[in-house]
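Chemist: Here you go, sequence then predicted model.
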Amino acid sequence: MGQSVVARLALINEPRTAARVWGAGFCDMKAPLSRRTLQSVKQPGPESSLAHAERERRLTHLAYAAMVVLGINVGWLGPFLPQISHGIGASLDRTGLILSAIAAGYFVALPAGGEIGHRRGPQFLLILAMVLDAAGFAWLAMAASLSASTCAAILIGFAQCGIDIAVNALVAELNRHRLAAALNYLHMMFGVGATLGPAIDGLAMARGVSYRLTFGGGAGAIAMLAAILIVTPRMESRPVEGEKHELRALLIHPLIWAIAAVLFLYVGAEVGVGAWLYSYLRHATVPVAVSVASAGVSVYWAGLIGGRLIGGVLAHRVPPRRLAAIGSLVSAAALASLILTASVPMLAFPIVAIVGIGFGPIFPNMIAAGAERFPSRVASMTSIVAGGAALGGVALPWIMGVALVMSGRAASIGIALAATLAMLAVLAAMGLPREQET
């Protein structure tokens, strides 16, 4: 799922190349300490500033690694469902409840995740979430019944919620001077993980390795990452001066509702297109082969990763809401083209790639827009708007599937197109031309 959330402060004073951004770990050490929320317990002197900078870079990179883990978690469950069904002695449709349990756990944990991240800091939340994730997959690997597997899945859902909130908040607080760029790169890592997940499954199944061994090994790797986070010195969180928004104020703030609405529409369209794209290509006026349709889905997700890479480069020059609007416009044009070119299969690959590229920067830049407005409550803000994203990921793909069956390919794609155009309308209502909430 895309998707899965958080932050971007518009304190970008000078453009830099993507290579320099990556090499610096997205942490500009020339920025004054007063512009950062996470600080050491002691103010670093000239001799200790290098160690302080290295700690920030290390934490940023660990957050990227955790986002890759989150992507793998999402990507590797589906291909193993038939094996899990056989292993626990349940029918395949009932085994699918595992996915629903993960989604339910994620949604239920959102309020607690936001408050833990705010009160104890994103690094603490990330450690807790990684421990829960390792425990959840270890439990799923050993579960012998559907009830045990469902309980493990709920725990995994709790963990995924915590990881999602924590990594966004951590990267936002450590990289306020290049917030949107850092968040685009962070969410690119989710796409990398989601691509690796099925590849890991394929390799395991080709070598006869069961899901139990695969998930058990994954749990061990997640636990190792948690251990590295535990031994990494904590950064003490300090409130941003002049920003003391309470949770109640966030819940009623119009900007929060606008961001949640955009993410509802975005995640619904993104997940829906990804879920039904194979069927769109197979049911075109001139259907493509099974292998070509499968490759088209991979091209779509590769485009999403590429869009976030491009978004990271452009974020130094284009404000976050404007960049999200540009992405929406690109995807809307490509979705319209996908409807109109059903009889020209050779155009399918470039069109679906453009859909993914346009969708790519929307989620991280909307989180960035919220983070730059509420820099002292990034974790809480993320947990709120992620609720809208989660609901969109459940509702719109189902509606698109019903439309595909009842009315055909064009009607289903048309729902994604309408959602994308609605995003543009919400962005305009947010004051896109002025980018006024800084």
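Modeler: Structure received. Residues are numbered from 1 along each chain as shown.
Chemist: hey, let's count contacts and neighbours off CA atoms from now on
Modeler: Noted.
Chemist: Show me the shaky parts of the stretch 51-200 of the chain.
Modeler: The model of the stretch 51-200 of the chain has pLDDT under 70 over residues 51-52.
Chemist: So which residues of it form strands?
Modeler: Counting by DSSP state E, counting those that start in this stretch, one finds no strands in the stretch 51-200 of the chain.
Chemist: where along the stretch 251-400 of the chain do the helices fall?
Modeler: Under the criterion DSSP state H, counting those that start in this stretch, helices of the stretch 251-400 of the chain are mapped to 254-282, 290-314, 320-340, 348-359, 362-373, 378-407.
Chemist: buried sites along the last one?
Modeler: This means helix 378-407. Across helix 378-407, burial judged by 16 or more other Cα atoms under 10 Å covers 378-398, 400-401, 403-404.
Chemist: helices or strands up against that helix?
Modeler: If contacts are counted by 3 or more Cα pairs under 8 Å, 6 or more residues apart in numbering; DSSP states H and E, helix 378-407 sits against helix 97-120, helix 146-174, helix 247-252, helix 254-282, helix 362-373, helix 409-429.
Chemist: Show me what the shortest one is in contact with.
Modeler: It stands for helix 247-252. For helix 247-252, contacts defined as Cα atoms under 8 Å, 6 or more residues apart in numbering pick out 256, 257, 380, 381, 384.
Chemist: For the residues you listed, point out the one with the lowest pLDDT.
Modeler: Ranked by pLDDT, the contacts of helix 247-252 bottom out at residue 380, which scores 85.
Chemist: Now for that residue: which residues touch it?
Modeler: Neighbours of residue 380 in contact, by Cα under 8 Å, 6+ apart: 111, 113, 114, 115, 117, 118, 247.
Chemist: now, which of those residues sits nearest residue 204?
Modeler: For the contacts of residue 380, the minimum distance to residue 204 (Cα to Cα) is 33.0 Å, reached by residue 113.
Chemist: Number of residues surrounding the closest one?
Modeler: For residue 113, the count of nearby residues is 27 (other Cα atoms under 10 Å).
Chemist: cool, and residue 253?
Modeler: By other Cα under 10 Å, neighbour count at residue 253 equals 11.
Chemist: before we move on, the earlier item: tell me which of the helices of the stretch 251-400 of the chain lies nearest to residue 163.
Modeler: Ranking the helices of the stretch 251-400 of the chain by proximity to residue 163 (Cα to Cα) places helix 378-407 first, at 10.9 Å.
Chemist: What is the neighbour count of residue 290?
Modeler: 13.
Chemist: quick revisit: need the contacts of residue 380 in CSV (columns: distance to residue 96).
Modeler: Output for the contacts of residue 380, formatted as CSV (distance: Cα to Cα, whole Å):
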residue, distance to residue 96
111, 26
113, 25
114, 28
115, 31
117, 31
118, 34
247, 35
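Chemist: Just the C-alphas of stretch 80-91, formatted as PDB.
Modeler: Extracted C-alpha coordinates of stretch 80-91, given in PDB (Å, rounded to 0.1, in the frame of the first residue of the first chain):
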ATOM      1  CA  PHE A  80       2.500 -17.700   0.500                       C
ATOM      2  CA  LEU A  81      -1.300 -17.900   1.400                       C
ATOM      3  CA  PRO A  82      -1.900 -21.300  -0.400                       C
ATOM      4  CA  GLN A  83       1.000 -22.700   1.700                       C
ATOM      5  CA  ILE A  84      -0.300 -21.200   4.900                       C
ATOM      6  CA  SER A  85      -3.700 -22.600   4.100                       C
ATOM      7  CA  HIS A  86      -2.300 -26.100   3.800                       C
ATOM      8  CA  GLY A  87      -0.100 -25.700   6.900                       C
ATOM      9  CA  ILE A  88      -2.900 -24.600   9.200                       C
ATOM     10  CA  GLY A  89      -5.600 -26.900   7.700                       C
ATOM     11  CA  ALA A  90      -7.900 -24.100   6.700                       C
ATOM     12  CA  SER A  91      -9.600 -23.200   3.300                       C
END
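Chemist: ok, and for it, which residues are buried?
Modeler: Within stretch 80-91, the residues scored as buried using 16+ other Cα under 10 Å are 80, 81, 82, 83, 84, 85, 87, 88.
Chemist: Fine by me, we can end here.
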